[in-house]
Every structure is written in C-alpha cells, then in structure tokens.
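[1] Structure here, sequence nowhere to be found:
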C-alpha cells in the first residue's frame, strides 16, 4: 500500500476509457464509471499520475464512433507519461501471451510494467481473472477500478482515523 506522500502511477486500459460511454443502466457499469471519473479527477489535480502507451493510443484510434474516439483522444492528451512499444515490451508481451493473456492485454501489461506503474486498471473480467491467477509473475498489479478505489478509500479512512 502507498503512503500519503507517494503519488500513484496508474495505467487505465481501453475498457476503462470506454466505460463512461457504455449504457449506464447496469449498476456495475455505473459504479465503475463513477470510479473511473473519480480517478480521472485525481489525475487532473495531479494527486496521481496517469500512464498511457502507444498501444492505447493506437487501439483508441481504431474506434469507429468518431465522437467517442475524439473524446477518448482528448482525454489521452492529458496523460502524464506515454510509454512506447519497443523490443523490451514486445519480449515481455510474448512472455505474457505464453501465460494465456490476449495479445493486446499482454501489450498493455508490458507497457504498464515498463512505465513503472503501481496499478493497471481494467474492467475486463477475463484479463482480471488471468492477472489474479498469475499475479506473482506480473510486475504490476491489475485490478478493477471500482474495487481498487474502494480499497484506497478504506485505507485513507483508516489512516486518517489513526491520526
């Protein structure tokens, strides 16, 4: 767990950036959207650092809905750091694929690791299950944004109660 003086370095995958634009009638989608919006707000106040990658930029550039694509690209332009894919990331991607991660998921994880992120957030249940199964072989924690933000809020509450 981070201390109050440290700044979280967070990688949001494409699923997270899409979530606020999904149909909000399901409670889970609304909770995850609210969590992502709260996390984005912390990026914009510089409480936390937002790490992205060329993988994310390229994936979003293929979004067929031009309004959605423009909105997500505008968000991405505000990130603190953009990790490029090079030989180390491609090598790590191959290692992660051998564990059963899908190609894009493996690239996102490899870039998050290269960027020194503390946490990669995703709403992709398949990726989350695989990451939990292989957590000891990953150099970044992978978590659902709602679950993680609840944990952070609880930790901050506990810390402030002790003060």
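    Yes, it's here. Predicted model, so just to flag it, every value in this text is computed and none were measured.
[2] partner residues bridging residue 51?
    Under DSSP bridges, the beta-bridge partners of residue 51 are residue 11, residue 81.
[3] Let me know whether it touches residue 76 as I believe.
    No: applying CB atoms under 8 Å, one finds residue 51 not in contact with residue 76, separated by 11.1 Å. Any C-beta I mention is one placed from the backbone N, CA and C, and that applies to glycine too.
[4] how about the helix or strand that contains residue 129: buried residues?
    Secondary structure assignment for residue 129, by DSSP states H and E: helix 125-133. By neighbour count on 16 or more other CB atoms under 10 Å, the buried set for helix 125-133 is 127, 128, 130, 131.
[5] one step back: show me which of residue 51 and residue 76 is the more surrounded one.
    residue 51 (26 against 18; other CB atoms under 10 Å).
[6] Let me see the contact set for that one.
    Going by CB atoms under 8 Å, 6 or more residues apart in numbering, residue 51 touches 9, 10, 11, 79, 80, 81, 82, 83, 112, 115, 116, 117.
[7] cutoff 6 Å now
    Contact analysis of residue 51 by CB atoms under 6 Å, 6 or more residues apart in numbering lists 9, 11, 81, 115, 117.
[8] Would you mind measuring from it to residue 115?
    For residue 51, the distance to residue 115 (CB to CB, to the nearest Å) stands at 4 Å.
[9] Likewise for residue 59?
    According to CB to CB, residue 59 stands 16 Å off from residue 115.
[10] Compare these two (neighbour count), which wins?
    Neighbours were counted for residue 59 and for residue 115 using other CB under 10 Å; residue 115 has more, 22 against 17.
[11] Show me where the protein dips below the pLDDT cut-off.
    The chain contains residues with pLDDT under 70 at 1-6, 157-163.
[12] anything in contact with each of residue 51 and residue 115?
    In terms of CB under 6 Å, 6+ apart, residue 51 and residue 115 are both contacted by the residues residue 81.
[13] Show me where this structure has its helices.
    Ranges of helices in the chain, per DSSP state H, are 14-18, 27-44, 54-61, 66-76, 87-98, 103-114, 125-133, 145-162.
[14] Thank you kindly, that will do.
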